[in-house]
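*Asks:* sequence plus predicted model, see below.
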Amino acid sequence: MIIQVENPVVEVHDLTVSYDRKPVLWGIDLTLPAGSLVGVIGPNGAGKSTLIKAMMDLLPAGSGYVRIFDKPIAEVRNRISYVPQRESVDWDFPASVFDVVLMGSYGKLGLFKRPRQADKDAAMEALQKVGMQGFANRQISQLSGGQQQRVFLARALAQNADIYFMDEPFAGVDIATETAIIELLRTMREQGKTVIVVHHDLQSATEYFDWVVLLNMRLVASGPAEQVLTQHLLEQTYGGKLTVLTKVGELLRKQEFPARES
Ligand SMILES: Nc1ncnc2c1ncn2[C@@H]1O[C@H](COP(=O)(O)OP(=O)(O)OP(=O)(O)O)[C@@H](O)[C@H]1O
């Protein structure tokens, strides 16, 4: 099931991406609605990270194209923010939490511009939003995994973009941090931002996302979460072998037939 939207915030057309000439994404065609929380879901190696990187033009497309806000990406780069996987970054790099967040906002200004007071205020405000204001002067090498994730998020918030791509923002965080992050993402949605999240946990996906993209090298489904997160489509995505599918099936049945529980 692939549902196309009018006036999409992201349009992916016939996208194929390869590493060393070996395709990992084939003929992806999808559109995403503005102001939504989008979950990109699929098994390990399905190409989820590759898809969001290709959407931002960080990886070259073998064929096809991506448009954001109906424009080529080069024209809208300053409206896009990216939160990569936490492990992809060198956390031993000598920098303070505040500097990392500040670089988020003044990266937009260009390399040789100095940050203004307004940028510094925005950085501090972003740290407050993720509950990390007390860590501003801490070296990033001295943070826990969950704190690193919050700093990453603060950095993205300081960029004040219109569309956010996040690669597994909930990986390795405790439940309090996960709740804080999802609350933040919901607030961003209320402000009309679009947030595209690579996500692993099928059970929370039913609760977190408005729109879900199911991927396994090819696009299996793209549409409203309640229409896409079905046993049938999840089996198509995961090959029907995972026990987690049974759990999700149960959860979906409960949601569909709440009267059964009483
Ligand atoms: N830089 C690279 N060079 C070669 N192959 C790569 C590279 N990055 C990813 N791949 C391969 O491309 C495929 C898709 O990888 P990708 O990281 O996009 O999957 P994913 O769905 O995000 O996986 P996971 O859930 O495990 O993070 C995998 O088979 C992976 O081994």
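*Replies:* That came in fine, so what should we check first? Owing to the predicted nature of the structure, the values given are computational and were not obtained by experimental measurement. Numbers count the residues shown, from 1 in each chain.
*Asks:* can you give me the buried ones in stretch 127-134?
*Replies:* Buried residues in stretch 127-134, counted by 16 or more other Cβ atoms under 10 Å: 127, 129, 130, 132. (Each C-beta comes from the backbone N, C-alpha and C, glycine too.)
*Asks:* shouldn't residue 195 be within a strand?
*Replies:* Yes. Counting by DSSP: H, G, I helix; E, B strand; the rest coil, residue 195 is found in a strand.
*Asks:* burial count for the residue nearest to it when sequence neighbours are not counted?
*Replies:* Excluding the flanking residues, the one nearest residue 195 by Cβ to Cβ, 6 or more residues apart in numbering is residue 164, at 4.7 Å. For residue 164, the neighbour count with other Cβ atoms under 10 Å is 22.
*Asks:* helix/strand/coil for residue 164?
*Replies:* Relying on three-state DSSP, one would call residue 164 strand.
*Asks:* mind listing the residues bridging to it?
*Replies:* Beta-bridge pairing of residue 164, defined through DSSP bridges, involves residue 81, residue 195.
*Asks:* please report the distance of it from residue 135.
*Replies:* Noted for residue 164: a distance of 22 Å to residue 135, by Cβ to Cβ, to the nearest Å.
*Asks:* also residue 216?
*Replies:* The gap separating residue 216 from residue 135 is 39 Å, by Cβ to Cβ.
*Asks:* those two: which has the busier surroundings?
*Replies:* Neighbours per residue (other Cβ under 10 Å) separate residue 216 from residue 135, with residue 135 holding more: 20 against 17.
*Asks:* and the residue of the stretch 51-200 of the chain found nearest the ligand, its phi and psi?
*Replies:* The nearest approach of the stretch 51-200 of the chain to the ligand comes at residue 198, 6.1 Å away (Cβ to the nearest ligand atom). In terms of degrees, to the nearest 10, the main-chain angles of residue 198 are phi -80, psi 130.
*Asks:* do I have it right that it meets residue 168?
*Replies:* Yes. Between residue 198 and residue 168 there is a contact under Cβ atoms under 8 Å: 5.2 Å.
*Asks:* these two: which has the busier surroundings?
*Replies:* Comparing residue 198 with residue 168 by other Cβ under 10 Å, the one with more neighbours is residue 198, at 25 against 20.
*Asks:* what's near enough to touch that one?
*Replies:* 40, 48, 49, 52, 166, 167, 168 (Cβ atoms under 8 Å, 6 or more residues apart in numbering).
*Asks:* state the distance from residue 163 to residue 79.
*Replies:* 6 Å.
*Asks:* need the residues touching each of these two.
*Replies:* Counting by Cβ under 8 Å, 6+ apart, the shared contacts of residue 163 and residue 79 are 68, 69.
*Asks:* show me which residues of the helix ranked longest in the chain are buried.
*Replies:* The longest helix of the chain (DSSP state H) is helix 175-190. Within helix 175-190, the residues scored as buried using 16+ other Cβ under 10 Å are 177, 178, 180, 181, 182, 184, 185, 188.
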